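**Q** How does the following fold in three dimensions:
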Amino acid sequence: MKEIIMCYQGEMALKGLNRASFESVLSKSLRWRMKDLGDFKVYKAQSTMYVEPQDEQAQSNMNEAYDRVSKVFGLAALSRAAVCEKDMDIIKATAEEYLGQTLRTIKTFKVEAKRSDKSFPLKSPELCRELGGFLLSKHPHLRVDVRNPDLVVMVEVRDFGAYVHGPKEPGAGGLPVGTSGRAITMLSGGIDSPVAAWYMARRGLALHHIHFASPPYTSQAAQDKVKTLAQQISPYTGNCILYVVPYTTPQEYIRDHAPDVLFTVLMRRSMMRIANRIAKEIDAKALITGESLAQVASQTLHALACTDAAQDLPVLRPLIGMDKSEITVVARKIGTFETSILPFEDCCTIFTPPHPKTKPTLEEILEAEAAMPGLAELEEKAAAEVERIRIDMRQTEEDEF
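**A** Alright, predicted model coming up:
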């Protein structure tokens, strides 16, 4: 019995003349993710991607392959399926071999059929009756429940064969990473920014990340935490580079030369300018933050307007209308929550004034920056001294991007 992974398209099917380019990126992503698991053949037919093992190593790694495929953006649903010839007797035998153990442990089932190959002699309702009757004869304890069965047995008769499987499982959805361009995530180490990265990768953005470190106020453990977060979201976002900016000197300069009530907004503007410089070096077209409206003083409408005005790239804030509990649900889902709450400091929380101004004006921000003529040089130096850390979604040492 041969087993494959069937991957069903969702939104991509609506892309019209651009659909082929989206499918090409998706195929490339699937092949890359399977590369170290054995020889897998990836191909497309009838709006479905097939991931088919070609050797024993690949067959033995089907569990890991399925897990990786489930994290690939661009797929609405997926299933593991047994492949057989388009012959009714063979379909029956395959269904019993593939799903018989499960059928022995449940009480109710139903059969659903899809006949894409119209040359197959049985229509879908007839196929359901034939297969359902056969499985009932093999498992007399079962009964058919078409409304709420314990198991849905599915059979698809397609161009290349018949495919028997259980119910489809939800895929990651969205669009293939890279089809919408490239952006940089400002990855702080908290709960929000990894979730923001996940949301924007889901919309097809290829991502790199930037992190601001301020030793000795922030520790190596804090930087390692951010690296771990980048690694944890890489199965969704793909390979990337984490840019670590040495930010101690600019941050101390702002602390010593600016009104403390404006410190946080001035620091955010400074970070945006540095991120903008790095983004343009790598042809990234946007910056991504994990900001949520009014969550803290620097995330009011007034403060965000002042922050955005510091540079000229679009700032994407996918969490802007979400509260912390909603963000936390997604963080748990993608596996970053427990790392995010580790008690290591980040530079956004040091030197924070007790009563920051929540409604700053751009005029007073520009006035404060005019009183810091040395800040631009310090920002330029920090951007030039950035450390680049390679994050590989497969956790290998291969140098491929």
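
**Q** Return the residues in contact with the closest residue to Ser47 other than its chain neighbours.
**A** The shortest distance from Ser47 to any non-neighbouring residue, by C-beta to C-beta, 6 or more residues apart in numbering, is to Gln9 (4.9 Å). C-betas here are computed from N, CA, C, even on glycine. Taking C-beta atoms under 8 Å, 6 or more residues apart in numbering, we find Gln9 in contact with Glu23, Ser47, Thr48, Met49, Gly74, Leu75, Ala76.

**Q** Could you do Asp323 as well?
**A** By C-beta under 8 Å, 6+ apart, the neighbours of Asp323 are Ser292.

**Q** any idea how far Ala258 is from it?
**A** 31 Å (C-beta to C-beta, to the nearest Å).

**Q** What of Ser292?
**A** In terms of C-beta to C-beta, Ser292 sits 25 Å off from Ala258.

**Q** next one: Cys347
**A** Taken as C-beta to C-beta, the span from Cys347 to Ala258 is 16 Å.

**Q** Neighbour count: those two, which is higher?
**A** Cys347 (22 against 19; other C-beta atoms under 10 Å).

**Q** by contact count, what packs against the helix or strand hosting Gln223?
**A** Using DSSP states H and E, Gln223 sits in helix 220-237. The contact analysis (3 or more C-beta pairs under 8 Å, 6 or more residues apart in numbering; DSSP states H and E) places helix 220-237 against helix 192-202, strand 206-213, strand 240-246, helix 324-334, helix 337-340, strand 387-391.

**Q** Low-confidence stretches in the stretch 251-400 of the chain?
**A** Residues of the stretch 251-400 of the chain meeting the criterion pLDDT under 70: 395-400.

**Q** can you rerun that using 90?
**A** Within the stretch 251-400 of the chain, the segments meeting pLDDT under 90 span 294-298, 343-356, 392-400.

**Q** can you tell me which residues contact the residue most central in space within the chain?
**A** Per C-alpha atoms, centre = their mean, the C-alpha nearest to the average position across the chain is that of Tyr236, at 3.2 Å. Neighbour list for Tyr236: Lys71, Phe73, Ala172, Val177, Trp198, Ala201, Arg202, Ile334 [criterion: C-beta under 8 Å, 6+ apart].

**Q** now swap in Pro215 and tell me
**A** Pro215 touches Pro246, Thr248, counting by C-beta under 8 Å, 6+ apart.

**Q** Keep only those of the contacts of Gln9 that are in strands.
**A** Thr48, Met49, Leu75, Ala76 (DSSP state E).

**Q** and which of the residues you listed is nearest to Ala13?
**A** Ala76 (8.7 Å; C-beta to C-beta).

**Q** Can you pick out the most distant pair from the contacts of Tyr236?
**A** Between any two of the contacts of Tyr236, the greatest separation by C-beta to C-beta is 14.2 Å, found for Val177 and Ile334.

**Q** Those two: who's more crowded?
**A** It is Val177, of Val177 and Ile334, that has more neighbours when counted by other C-beta under 10 Å, with 27 against 19.

**Q** distance of the closest residue to that one other than its chain neighbours from Leu26?
**A** Residue nearest to Val177 in three dimensions, not counting chain neighbours: Gly238, with 4.8 Å by C-beta to C-beta, 6+ apart. Using C-beta to C-beta, Gly238 is found at 12 Å from Leu26.

**Q** next one: Lys324
**A** On the measure of C-beta to C-beta, Lys324 and Leu26 end up 33 Å apart.

**Q** re the thing from before, higher neighbour count, Gly238 and Leu26?
**A** Applying other C-beta under 10 Å to Gly238 and Leu26 shows that Leu26 carries more neighbours, namely 25 against 22.
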